[in-house]
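>>> kindly return the folded structure for what I paste below:
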Amino acid sequence: MASRGNKPYLRGEPVRLRCVGLCTSSKSITFKKVDGDIKPDKTKVTTLAALWDGAKVYISPQNSENSLFEENVTYFVRNYSINKKYGKECLTVDHKSTIFKTAPLAMSENERSSAMEVLHPSSIERTGEEHNLFVSGGYVTLRGQVKVIRMTQSDIGEIPVLDLDLKCGSTVLSITLWRDEALVPMCLEDEVILTHLRPSTSNGLNRLNSSAYTLIKVQETLCNN
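Numbering: from 1, shown residues only. Take a look at the predicted model:
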């Protein structure tokens, strides 16, 4: 494949692809202050399709609630682009692309489960007391009780950042929630479940950060008491 000028992607050869699954999400791209509080301003809706060629999985984004692909349908695609986006190999189609349905590309249930990881990566539930929590890699899910809440603001603009201390068993962990996740209502002593956290260590300090996949479930709240 040959490069297109200075653009960081390549125009691919014709390829046969099966759409394994679709995922639509709405994320805030800008925020604004309203009466001293940071609120979402502009949002962006993105639909990601997981596409499998029999060996490799790609994601294909569309900036809408709709996708050019249907789940469990196989396509023949010409004139697409490959680049790195969303941390994965991304197959982009545009007005120059040709897409048409073709004979089904068979796949096993194990292959399907593996392919769906690009849309819904696994998050291992931890107690928070594991000695290898910050070195084992991957996403983790924690449940615990909120002990400290500190709303701050990013250095790069009006992006909400919520620092909290979460008591998991006998351990208190420092967690930072970014952007939309920072605006989920929580109170002290709330019992919560946080999924898809990324453990990190910086300057000897351990912390978990929210990711694009993080979900927050408030099981018991004292906000109205």
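
>>> helices of the chain, start to end?
For the chain, helices defined by DSSP state H occupy the ranges 109-115.

>>> domain assignment for it?
Domain assignment for the chain by automatic domain parsing gives 10-118, 123-220.

>>> need those in JSON lines (columns: mean neighbour count).
(Each C-beta comes from the backbone N, C-alpha and C, glycine too.) As requested, the domains of the chain are arranged in JSON lines below (neighbours: other CB atoms under 10 Å):
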{"stretch": "domain 10-118", "mean neighbour count": "15"}
{"stretch": "domain 123-220", "mean neighbour count": "15"}
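
>>> can you redo those domains as JSON lines with mean pLDDT?
Putting the domains of the chain into JSON lines (pLDDT from 0 to 100) gives the following:
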{"stretch": "domain 10-118", "mean pLDDT": "89"}
{"stretch": "domain 123-220", "mean pLDDT": "90"}
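
>>> residue contacts, the closest residue to Arg16 other than its chain neighbours?
Excluding its sequence neighbours, the residue lying closest to Arg16 (CB to CB, 6 or more residues apart in numbering) is Phe76, at 5.5 Å. Taking CB atoms under 8 Å, 6 or more residues apart in numbering, we find Phe76 in contact with Pro14, Val15, Arg16, Leu17, Ile99, Phe100, Lys101, Thr102.

>>> quickly name whichever of those is closest to Ala50.
Set against Ala50, the nearest of the contacts of Phe76 by CB to CB is Leu17 (9.8 Å).
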